[in-house]
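[1] dropping the sequence and predicted coords here.
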Amino acid sequence: MKIVKSVYALSSQLPDHEKFGLASQINRAAVSIPSNIAEGCAKSSEKDFKRFLEISLGSAFELETQLLVVLDLDLVEKEKLQELLALVQTEQKKLGSFISSVKKRLMPKTPKPKS
């Protein structure tokens, strides 16, 4: 949610000609991250939950790419954008770890050999 608030603050600083283009895409990608986590939590299977976490991770990478475009185009203050990029990259790592943890829970348990 912190990313969403930061992204909305940043996108409001973009030039007017980007309000319905890049700003809109950035906002949607940011909102998609927690939205897909929440939707995954409502699913009844771990497999579905993992899938929504993966969608959320994809949105985080999409957002990172869009923020890099903003950086390359020099549309906002570089320092604020770099702080936000670091926040997004941290979220990507957390989601990746969470997905790995869910994958492990999905793996069939191998029975212990009988002696």
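    All right, it came through fine. Numbers count the residues shown, from 1 in each chain.

[2] neighbours of the residue lying closest to Gln66 once chain neighbours are set aside, how many?
    Residue nearest to Gln66 in three dimensions, not counting chain neighbours: Ile26, with 4.9 Å by C-beta to C-beta, 6 or more residues apart in numbering. From N, CA and C alone the C-beta is placed, and that goes for glycine too. For Ile26, the neighbour count with other C-beta atoms under 10 Å is 23.

[3] all helices of the protein, in order?
    2-11, 22-41, 46-72, 78-106 (DSSP state H).

[4] who are the packing partners of the longest one?
    Helix 78-106 is packed against helix 2-11, helix 46-72, with contacts defined by 3 or more C-beta pairs under 8 Å, 6 or more residues apart in numbering; DSSP states H and E.

[5] make TSV out of those and add mean pLDDT, distance to Gln82 and mean neighbour count.
    Listed next are the helices and strands packed on helix 78-106 as TSV, based on pLDDT from 0 to 100; distance: least, C-beta to C-beta, whole Å; neighbours: other C-beta atoms under 10 Å:
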stretch	mean pLDDT	distance to Gln82	mean neighbour count
helix 2-11	95	11	17
helix 46-72	96	8	18
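
[6] redo those as a markdown table? Include distance to Ser100.
    Shown next, in a markdown table, are those (distance: least, C-beta to C-beta, whole Å):
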| stretch | distance to Ser100 |
| --- | --- |
| helix 2-11 | 21 |
| helix 46-72 | 10 |
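
[7] out of these, which gets nearest to Lys19?
    Closest to Lys19 of the helices and strands packed on helix 78-106 is helix 2-11 (C-beta to C-beta; 8.1 Å).

[8] noted, bye for now.
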